[in-house]
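Undergrad: The following block contains a protein sequence and its predicted model.
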Amino acid sequence: MKMIRFDDLALFVRTAALGSFSNAAREADLLPGQVAAAVARLERELDLRLFVRSTRSLRLTAEGALYLPYAQEVLAALREGEARVRGEDAELRGTLQVAAPSDLGRNLLLPWLTEFRAAHPKLQLRLQLSDQVADVFRDPVDIAFRLGRFDNASYVALPLLPGNRRVLAASPDYLARHGTPDSLEALKDHHCLLYQLAGRAYDRWSFELEGRRTVIPVRGNMVCDDADVVRRWAVAGQGIVFKSWLDVCADVQAGRLQVLLDGAGDSLPLNLVCPHRKQFSPAIRQLHAMFAHRLQPLLAGLPSSAR
C-alpha cells in the first residue's frame with residue numbers, strides 16, 4: 001500500500017506552479033533541500049519521475065504533467081472537506097475583493113462567482129474586471145485570477161488550471177472563405193485579430209514546439225484593447241484569434257469557432273494570486289476549491305495533441 005504524504009503532494013503542486021524548488025521553499029518557509037526531498041519521496045512512492053532536473057531548469061515530465069491535475073483535485077477535496085468540518089462554509093462573512101481578466105471574468109467566472117456569493121449570503125463580493133493586471137499589494141484586491149507563467153516569489157499562487165493553453169481559433173465561415181492554415185508560417189497570409197495592451201499590439205505570437213519556443217510575426221487590420229471584442233470578432237468571421245482556451249472553449253463546443261493546427265500554442269496556466277499565505281481566509285480557500293473543481297473538466301475539449 002502506497003503511503004503518500006499530503007504535505008509532499010502539496011509541495012509537488014507548488015513546485016510545479018512556481019517552477020523551482022527554491023521558489024516553493026521560500027513560499028512554504030522551508031529549505032530548498034527539504035522541498036526536493038519531499039518531491040523525491042513522492043516519486044519513490046509513485047515509482048515514477050515527476051520532474052526533469054538540470055542545474056538551470058526544472059520541468060514536469062510527461063508523467064508529472066499527467067499526475068498534476070489529480071494531485072490538485074485531491075488537495076482541493078481535502079481543503080473543501082476541512083472547511084465543511086469546521087463549519088466555515090456555513091458562516092462566510094465580510095468582504096471578498098476579487099480581480100479577474102475581463103474576458104475570462106465576464107464569460108466564464110461570473111456565473112460561478114454569483115453562485116458562490118448566493119451560497120454565502122453574509123459575504124459581500126466586490127468584483128474588478130479589467131485587462132490591466134491587478135497589483136494585489138497596491139490595489140484593493142484580496143485575490144486575483146491571473147493567466148500566464150508565475151515566477152514572482154513575492155506572491156503566493158494557488159494553481160487552478162496548470163494545463164490551460166493559448167490556442168489558434170477561427171470561425172467556420174472565415175475558414176470557408178480564406179482557407180485553413182496548414183502551418184504556423186501560413187499565418188502571414190491570414191487576417192489575424194490583434195489584442196492591444198498599454199498601447200502595444202501583440203503581433204508576435206509565441207508557440208511551444210517540441211520543447212522550444214517559436215515566435216511568429218502576424219499582421220491584422222483589426223486591433224482592440226478589449227480581449228472580449230477580439231474574441232467576438234473571431235466568432236463574427238473577421239479573422240484568426242490567439243487566445244486562452246478558457247476564453248474560447250464555449251465557442252468551440254458550440255461550433256462557433258474551430259481550433260487550428262491541432263491546438264498549437266503555448267502554456268497559459270491559470271492561478272489565484274494572493275499577497276501572502278496568512279491572508280488565505282476561509283472564503284479564499286473555499287473559492288479556490290470550488291473553482292479548481294469546476295475548471296479541470298474544461299480541458300477535455302482541447303485537442304489531445306495539445307494536452
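TA: Cool, the structure landed.

Undergrad: Sketch out the low-pLDDT regions of the stretch 101-250 of the chain for me.
TA: The stretch 101-250 of the chain contains residues with pLDDT under 70 at 134-139, 150-154.

Undergrad: one more time with 90
TA: The model of the stretch 101-250 of the chain has pLDDT under 90 over residues 102-103, 120, 122, 129-144, 146, 148-159, 162-163, 197-202, 208-213.

Undergrad: which stretches of it form helices?
TA: Residue ranges of the helices in the stretch 101-250 of the chain, as given by DSSP state H, counting those that start in this stretch, are 102-104, 110-119, 172-178, 227-235, 245-253.

Undergrad: which one of those lies closest to residue 283?
TA: Closest to residue 283 of these is helix 110-119 (CB to CB; 8.7 Å). Bear in mind the C-beta positions are built from the backbone N, C-alpha and C, glycine included.

Undergrad: can you give me the offset of the closest one from its chain's centre?
TA: 20 Å (CA atoms, centre = their mean, to the nearest Å).

Undergrad: re the thing from before, for the helices of the stretch 101-250 of the chain, give me a markdown table that also has distance to residue 210 and mean neighbour count.
TA: Shown next, in a markdown table, are the helices of the stretch 101-250 of the chain (distance: least, CB to CB, whole Å; neighbours: other CB atoms under 10 Å):
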| stretch | distance to residue 210 | mean neighbour count |
| --- | --- | --- |
| helix 102-104 | 29 | 21 |
| helix 110-119 | 36 | 14 |
| helix 172-178 | 26 | 15 |
| helix 227-235 | 27 | 21 |
| helix 245-253 | 20 | 21 |
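
Undergrad: and this protein, what are its domains?
TA: Domain ranges of the chain: 6-75, 91-162+268-306, 165-266, per automatic domain parsing.

Undergrad: Columns distance to residue 81 on top of these, output as CSV?
TA: Supplementary listing: the domains of the chain in CSV, determined by distance: least, CB to CB, whole Å:
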stretch, distance to residue 81
domain 6-75, 11
domain 91-162+268-306, 9
domain 165-266, 27
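
Undergrad: and residue 82, which of these is closest to it?
TA: Between residue 82 and the domains of the chain, the tightest spacing by CB to CB is seen for domain 91-162+268-306, at 8.1 Å.

Undergrad: Dump the helices of the stretch 101-250 of the chain to CSV, plus distance to residue 21.
TA: Compiled in CSV, the helices of the stretch 101-250 of the chain are given as follows (distance: least, CB to CB, whole Å):
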stretch, distance to residue 21
helix 102-104, 30
helix 110-119, 33
helix 172-178, 45
helix 227-235, 34
helix 245-253, 29
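
Undergrad: Residue 56: which of those helices is closest?
TA: Smallest distance to residue 56 across the helices of the stretch 101-250 of the chain (CB to CB): 29.2 Å, for helix 245-253.

Undergrad: I'd like the mean pLDDT over the helix or strand following that closest one, please.
TA: Per DSSP states H and E, helix 245-253 leads on to strand 258-259 as the next helix or strand towards the C-terminus. Averaging pLDDT along strand 258-259 yields 96.

Undergrad: Could you name the helices and strands sitting against the helix or strand just after strand 258-259?
TA: Using DSSP H and E, the helix or strand that follows strand 258-259 in sequence is strand 265-267. Strand 265-267 is packed against strand 165-170, strand 204-209, with contacts defined by 3 or more CB pairs under 8 Å, 6 or more residues apart in numbering; DSSP states H and E.

Undergrad: For residue 197, which of the helices of the stretch 101-250 of the chain is the nearest?
TA: The closest of the helices of the stretch 101-250 of the chain to residue 197 is helix 227-235. By CB to CB, the value is 8.7 Å.

Undergrad: Tell me which residues touch the closest residue to residue 241 other than its chain neighbours, please.
TA: Leaving aside its chain neighbours, residue 241 sits nearest to residue 234 (3.9 Å; criterion: CB to CB, 6 or more residues apart in numbering). Counting by CB atoms under 8 Å, 6 or more residues apart in numbering, residue 234 touches 169, 170, 171, 174, 193, 240, 241, 243, 248, 251, 257.

Undergrad: Residue 2: which of the helices and strands packed on strand 265-267 is closest?
TA: Ranking these by proximity to residue 2 (CB to CB) places strand 165-170 first, at 30.9 Å.

Undergrad: Run the angle between the closest one and strand 204-209 for me.
TA: On the basis of axes from the mean of the first three to the mean of the last three CA atoms, to 10 degrees, strand 165-170 is oriented at 110 degrees to strand 204-209.

Undergrad: So which of the contacts of residue 234 is the closest to residue 146?
TA: residue 243 (15.7 Å).

Undergrad: ok, that closest one to residue 55 distance?
TA: Taking CB to CB, to the nearest Å as the measure, residue 243 falls 35 Å from residue 55.

Undergrad: Please apply the same query to residue 118.
TA: 51 Å.

Undergrad: Ok, residue 245 next?
TA: If you go by CB to CB, the gap between residue 245 and residue 55 works out to 33 Å.
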